[in-house]
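[1] Turn this into a structure:
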Amino acid sequence: MFETIRNAFKIKDLRKKIFYTLFALIIVRIGSQLPLPGVDGDYVAQWFSQQSASDFISQLTGGSFEEMSIFALNITPYITASIILQLLTIAIPRLEELHKDGEEGRKKISEYTRYTTIALSVLESAAMAIGFGNQGFLKEGVTFTTVTVCVVAMTAGSSFLMWLGEQITEKGIGNGISIILLYNIVSRMPEDMRTLAEKYVTGAGNVVNGLIGALVIIAIIVGMVIFIIYLSDGERRISVQYSKKTQGRKLVGGQSSHIPLKVNTAGVIPIIFAGSLFSMPIVIARFAGVEPASGAGATFLQKCLKVLNQGAWCNIDSFNEFKYTLGLVIYIALIIFFAYFYTSITFNPQEIAMNMKKQGGFIPGIRPGKPTMDYLTRVLNNVIMIGAIGLSFVAFVPIFFSGAFGADVSFGGTSIIIIVGVILETLKQIESQMLVRHYKGFISE
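    The predicted structure follows:
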């Protein structure tokens, strides 16, 4: 990795792209610190310090949500819009045609994604302005003027980040939206590391316990990163043989290839879906003044919210509190469900089998047509299960240590998967650009 980065800085064009990306990220950081007009900053800081349901959103926004800055929504509306358009691809024939229409179709879908992003930004910012305004966040209260100012500012901030992400993709390094998301997550990690160090290293009581605590923290993080790298790169290759056929006077074909089925086909999407389903009811309930609670005086709704609250899971000190770990079981079940659901709409065994048959391809030992489709479906289901279990493990480890040992940090399994995935993808893109430049230089000589 370090060798690739060092070599990239030796190439003028890549060096310019890297500096352009870094400059764009500086702008993101500055915008994340600019407060919304009319917002009571002290009240915001005090309110968020008492909440744990916002951790998932804080991971994706780099803390700009907690700061209630003009980038409070950050790129979350764009991510949501992209997922919605991808899901609608199988439901709306027009979108499915565009998806298969090559470059022009993808441009049209990108245009629809931008419009959807702006619409979601307006809806989310209006809900936040009214909901938080009723909590006392706005200095002048909830009025048409204050709500309008907040909606315009947050929508403009989200739209600007969407545009900036596209500029990074075009003029910088890597996928711009992914780079901004990576930067948001990484920007929170120094504070989390300091919190862990104060609790388990400097606050351990003696040098030996502090050293053991440091080694355990490092071992868990390194182990998780290595596991995610293997999970992201793992794939099941299905051999495909293409029969020979005559074209004119030539005999073509007879080649061997393979279909790569990634173990983690759905990526981080299942965790994002499951996390959103769990955090959204809690946020909405808090807008209505209902807090998660347990005990004799708690209502059924408050107990249900407690089940959905990740901060209440894996508490081994008390059985009355540990029973709320039922939410973790539901959470993992949702991750597995969404892993199958998302993969089913992005990988179509029937379409793959039909294309193979048209091109004269077949899987050795499997007849073309329906037997090939059944075989691909069976193998795909097995691969998805392995990937879903791996994703569940990645999501479980931070939650377990947070609940059992009080290791409260903002980053979790979702964050680590995004960090590793984006870094690996960006390094591959840098290497490919270096390789293309090398070939161009070779041809020119």
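
[2] residues touching Ile259, list them.
    By C-beta atoms under 8 Å, 6 or more residues apart in numbering, the contact set of Ile259 is Arg237, Ile238, Val240, Ile352, Leu376. For the C-beta atoms, the positions are set from N, CA and C on the backbone; glycine is no exception.

[3] same thing but at 10 Å, please
    235-240, 347, 349, 352, 356, 361, 363, 376, 379-380 (C-beta atoms under 10 Å, 6 or more residues apart in numbering).

[4] between those residues, which is nearest Val151?
    Proximity to Val151 was ranked across the contacts of Ile259 by C-beta to C-beta; first place goes to Phe347, at 38.8 Å.

[5] just for the stretch 101-250 of the chain, where's the confidence low?
    The model of the stretch 101-250 of the chain has pLDDT under 70 over residues 204, 244-250.

[6] so how far is Ser158 from Asp40?
    Counting by C-beta to C-beta, to the nearest Å, the gap from Asp40 to Ser158 is 22 Å.

[7] re the thing from before, in helices, which of the contacts of Ile259 appear?
    The subset of the contacts of Ile259 located in helices under the criterion DSSP state H comprises Pro349, Ile352, Met356, Leu376, Val379, Leu380.

[8] Quick one, which of those are buried?
    Pro349, Ile352, Met356, Leu376, Val379, Leu380 (16 or more other C-beta atoms under 10 Å).

[9] Model confidence at the second one, what's the number?
    At Ile352, the model reports a pLDDT of 84.

[10] contacting residues around the nearest residue to it once chain neighbours are set aside?
    By the measure of C-beta to C-beta, 6 or more residues apart in numbering, the closest residue to Ile352 outside its immediate chain neighbours is Leu376, 6.1 Å from it. When the contact criterion is C-beta under 10 Å, 6+ apart, the partners of Leu376 are Ile238, Ile259, Leu261, Phe347, Asn348, Pro349, Gln350, Ile352, Ala353, Met356, Ile363, Ile366.

[11] quick one: Leu376 from Ile238, how far?
    Counting by C-beta to C-beta, the gap from Leu376 to Ile238 is 7 Å.

[12] you'd agree Ser178 is up against Tyr78?
    No - using C-beta atoms under 10 Å as the test, Ser178 is too far from Tyr78 to be in contact (11.0 Å).

[13] can you give me the strands in the stretch 101-250 of the chain?
    Listed in chain order, the strands found in the stretch 101-250 of the chain under DSSP state E, counting those that start in this stretch are 235-242, 245-247, 250-252.

[14] how far away is Ser243 from Thr146?
    The spacing between Ser243 and Thr146, counted by C-beta to C-beta, is 70 Å.

[15] Same drill for these two, tell me which one is more crowded.
    Taking Ser243 and Thr146 together and counting by other C-beta atoms under 10 Å, Thr146 has the greater number of neighbours (21 against 12).

[16] Please look at the more buried one and Glu140 and confirm they touch.
    Yes - A contact is recorded between Thr146 and Glu140 when judged using C-beta under 10 Å, the distance being 5.4 Å.

[17] which residues do the two both contact?
    Counting by C-beta under 10 Å, 6+ apart, the residues touching both Thr146 and Glu140 are Gly38, Gly133.

[18] Please name the spatially closest residue to Thr202 (chain neighbours excluded).
    Distances taken as C-beta to C-beta, 6+ apart put Gly210 closest to Thr202, at 6.5 Å, once the chain neighbours are dropped.
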